[in-house]
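Student: Next comes the sequence, and after it the predicted model I'd like to discuss.
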Amino acid sequence: MWRTRALATPRLTSLEICSGAGAQAVGLERAGFDPVMLIDNDENSCRTVRLNRPHWDVRCVDVIDFDPEEHRQVYNVDLLSGGLPRVKSMATVQRPDTDAERKLLRAAVWLLTSVRPRALLLENVPDLVSSDAFAGDRTWIEEQLEHEGYRATWAVLNSADFGVPQFRKQGLLVALRDPHLDSFRWPVPTGLPTPTVGEVLGMSMAGRGWPGAAAWRRRASRPAPALVGGSANRGGADLGPTGSKKAWAALGVNGNSIGDDVPGADFPVDGMPKLNLRQAAMIQSIPDDWLFYGRKTSVYRQIGHASPPPVAEAVGRAIVAALGCGG
């Protein structure tokens, strides 16, 4: 009697720009995409990705300076993806020559015209999708994409809807050539309760015998506010501006800086511990075995700027399905 064996879903290819510490690429990897190249201009972030995926081709270069003609393996990939630096509205930009984030956004669209991927995925601030202040940017992007034969769809997704213990809204753009966009559907929330900070970090906080860990876990009974990575021009590693720190304080976390370790047996029972780097990565749902290169501030920025892998995976699977490659 003959038996047929189910064929594995074929792996797809991607080019990731502004790849950071690789969190979005990990989510897309789970969805079925293998990067032919990853590009970022931060040396520590590039080293982080190489530590974890030594077989990936990581180039530490500014996207604006990247010439695909010199790296022809990036042509005709299935997906061009990127988690771009946060674009500011024109009203908040002091001088046109300081708007580096918008230049990168446009460079990403121009790169598409050369690479000609089957699909595009860009992640940025929710306002890029929904605010009138960015209407001109959306129009420019859509016109450029349409000229190249792509159609765009926009959405704001909350990572808390996809199993991430954090209220983190992300603005997302997906573009595909006809007829694939008609088959694309934005992923829907899992419908499961969002993990709380206490559920995710409770065991870690108790790891060195802190007697207040159980009470802290009960207090930390909500998902986290969005982690704020900050910029290279701003201070050290902390959990963000005053409003963010107040939200963390309500969960029993001291957000004034990042800690070196979890609280020990001599830490006050009613004390407010700081998050360490590994705990911050857990809030982003970055895999526990993912290693980071660099000093504390650099690593925290890599973590804080990351796109949580579960969101990238969900959107990636939706793109795979639209391309007709789903298993």
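Tutor: That came through fine.
Student: quick one: the strands in the protein?
Tutor: 12-17, 33-40, 58-60, 79-83, 119-124, 150-158, 166-167, 169-177, 224-225 (DSSP state E).
Student: Of these, give the one that comes closest to residue 190.
Tutor: strand 150-158 (11.5 Å; Cβ to Cβ). C-betas here are computed from N, CA, C, even on glycine.
Student: on that earlier part again, could the strands of the chain go into TSV alongside mean pLDDT?
Tutor: Formatted as TSV, the strands of the chain follow (pLDDT from 0 to 100):
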stretch	mean pLDDT
strand 12-17	98
strand 33-40	98
strand 58-60	98
strand 79-83	96
strand 119-124	97
strand 150-158	97
strand 166-167	97
strand 169-177	97
strand 224-225	97
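Student: Mind putting those into TSV with distance to residue 212?
Tutor: Below are the strands of the chain laid out as TSV (distance: least, Cβ to Cβ, whole Å):
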stretch	distance to residue 212
strand 12-17	42
strand 33-40	40
strand 58-60	42
strand 79-83	36
strand 119-124	37
strand 150-158	31
strand 166-167	23
strand 169-177	32
strand 224-225	19
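Student: Could you save the ones you listed as CSV and add columns showing distance to residue 103 and mean neighbour count?
Tutor: As requested, these are exported to CSV (distance: least, Cβ to Cβ, whole Å; neighbours: other Cβ atoms under 10 Å):
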stretch, distance to residue 103, mean neighbour count
strand 12-17, 13, 24
strand 33-40, 15, 23
strand 58-60, 19, 18
strand 79-83, 14, 27
strand 119-124, 13, 24
strand 150-158, 20, 18
strand 166-167, 29, 18
strand 169-177, 17, 22
strand 224-225, 29, 26
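Student: Tell me which of those lies nearest to residue 46.
Tutor: The nearest among the strands of the chain, by Cβ to Cβ, is strand 58-60 at 4.1 Å.
Student: Which strands or helices does the closest one pack on?
Tutor: The helices and strands touching strand 58-60, judged by 3 or more Cβ pairs under 8 Å, 6 or more residues apart in numbering; DSSP states H and E, are strand 33-40, helix 43-52.
Student: a markdown table for these, including distance to residue 137?
Tutor: Output for the helices and strands packed on strand 58-60, formatted as a markdown table (distance: least, Cβ to Cβ, whole Å):
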| stretch | distance to residue 137 |
| --- | --- |
| strand 33-40 | 22 |
| helix 43-52 | 25 |
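Student: nearest to residue 141, of the ones you listed?
Tutor: Shortest distance between residue 141 and the helices and strands packed on strand 58-60, using Cβ to Cβ, is found for strand 33-40: 19.6 Å.
Student: hang on, the earlier thing: among the helices and strands packed on strand 58-60, which comes closest to residue 156?
Tutor: For residue 156, the closest of the helices and strands packed on strand 58-60 is strand 33-40, at 22.4 Å, according to Cβ to Cβ.
Student: Adjacent strands (with direction) for the closest one?
Tutor: strand 12-17 (parallel), strand 58-60 (parallel) (DSSP bridges).
Student: how about those, which one is nearest residue 68?
Tutor: strand 12-17 (8.5 Å).
Student: Residues touching that closest one, excluding its own?
Tutor: The contact list for strand 12-17 (Cβ atoms under 8 Å, 6 or more residues apart in numbering) reads 24-25, 28, 32-40, 63, 66, 74, 77-82, 84, 108, 111, 115, 117, 320, 323, 325.
Student: hmm, 7 Å instead?
Tutor: 25, 28, 32-39, 63, 74, 77-82, 108, 111, 115, 117, 320, 325 (Cβ atoms under 7 Å, 6 or more residues apart in numbering).
Student: quick revisit: and the strands of the chain: which comes nearest residue 186?
Tutor: Using Cβ to Cβ, these put strand 150-158 closest to residue 186, at 4.8 Å.
Student: Go ahead and measure how far the closest one is from the middle of the chain.
Tutor: Relative to its chain's centre, strand 150-158 lies at 15 Å (Cα atoms, centre = their mean, to the nearest Å).
Student: can you check stretch 144-163 too?
Tutor: 14 Å.
Student: out of the helices and strands packed on strand 58-60, nearest to residue 241?
Tutor: Within the helices and strands packed on strand 58-60, the stretch nearest residue 241 is helix 43-52; the backing value is 23.3 Å (Cβ to Cβ).
Student: contact partners of the closest one?
Tutor: When contacts are defined by Cβ under 7 Å, 6+ apart, helix 43-52 is touched by residues 19-22, 38, 40, 56, 58, 60, 290-294, 298, 302.
Student: For ChimeraX, what selects the buried ones among those residues?
Tutor: Of the contacts of helix 43-52, the buried ones go into a single ChimeraX selection, burial set by 16 or more other Cβ atoms under 10 Å:
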select :19,20,21,22,38,40,56,58,60,290,292,293,294,298,302
